[in-house]
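Asker: just the structure for this:
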Amino acid sequence: MSSIRISRRVNAPRAIVYRALLDARAVATWMAPTGMTSRVHAFDAREGGSFRISLTYDASTGTGKTTAHTDAFHGRFVKLVTNEQVVEVVEFETKDPALRGEMTITYTLADADGGSDVLAVHDRLPRGLSTADKEGGWRSSLAKLAALVEVG
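Answerer: Okay, here's the model as predicted:
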């Protein structure tokens, strides 16, 4: 199992970024990497609350983990520290044993000059998941998060 760490400076206060991490409509906008569309099926943003999201490839050549063109996953919010941290446990909905298992995603927010630093740590990636692909997808998603919340 491996992990990735992605950081991004965002030109927005931590409170705005934190809200975007816990708002279903915002998540549907920023979570899908470029080339995918996100759909939020369930989203209960509280400690112990659960969620279910699917990401569908825009091009028919994309290969999904759940169906031919879709990656679906479910999870729960493990820890929420207002304006500071969101910790989720997530699992792909797949029959492929190389892609199964719970992963932990931790978003940590810190004040930065003119905005916030966002650190996203994705731990316990399944062995069948390409770390490079996952890293590229998370960079794309965090860029969308920045575009959604940044001011001026």
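Asker: so where is this structure shaky, pLDDT-wise?
Answerer: Applying pLDDT under 70 to the chain flags residues 1, 62, 152.
Asker: run the last query once more with 90
Answerer: For the chain, residues meeting the criterion pLDDT under 90 lie at 1-2, 33-35, 57-71, 114, 128-134, 136-137, 151-152.
Asker: need the contact list for the residue most central in space within it.
Answerer: Of all residues in the chain, the one closest to the mean position by CA atoms, centre = their mean is residue 31, 5.3 Å from it. Going by CB atoms under 8 Å, 6 or more residues apart in numbering, residue 31 touches 38, 53, 55, 141, 144. From N, CA and C alone the C-beta is placed, and that goes for glycine too.
Asker: cool, residue 30 as well?
Answerer: Residue 30 sits in contact with 20, 141, 142, 144, 145, 147, 148, where contact means CB under 8 Å, 6+ apart.
Asker: count of residues packed around the closest residue to residue 129 other than its chain neighbours?
Answerer: Nearest residue to residue 129 in three dimensions, chain neighbours excluded: residue 99, at 6.1 Å (CB to CB, 6 or more residues apart in numbering). The tally of other residues near residue 99 (other CB atoms under 10 Å) stands at 18.
Asker: phi, psi of residue 99?
Answerer: Backbone dihedrals for residue 99, given as degrees, to the nearest 10, come out at phi -110, psi 0.
Asker: repeat for residue 21
Answerer: phi -80, psi -20.
Asker: so which helix or strand takes in residue 15?
Answerer: According to DSSP states H and E, residue 15 maps onto helix 14-22.
Asker: what sits up against the lengthiest helix in the chain?
Answerer: Ranked by residue count, the top helix of the chain under DSSP state H comes out as helix 131-149. If you take CB under 8 Å, 6+ apart as the criterion, helix 131-149 is touched by 2, 4, 6, 8, 10-12, 16-17, 20-21, 26, 29-34, 118, 120, 122, 125.
Asker: list the buried ones in it?
Answerer: 134, 137, 138, 139, 140, 141, 142, 144, 145, 146, 148, 149 (16 or more other CB atoms under 10 Å).
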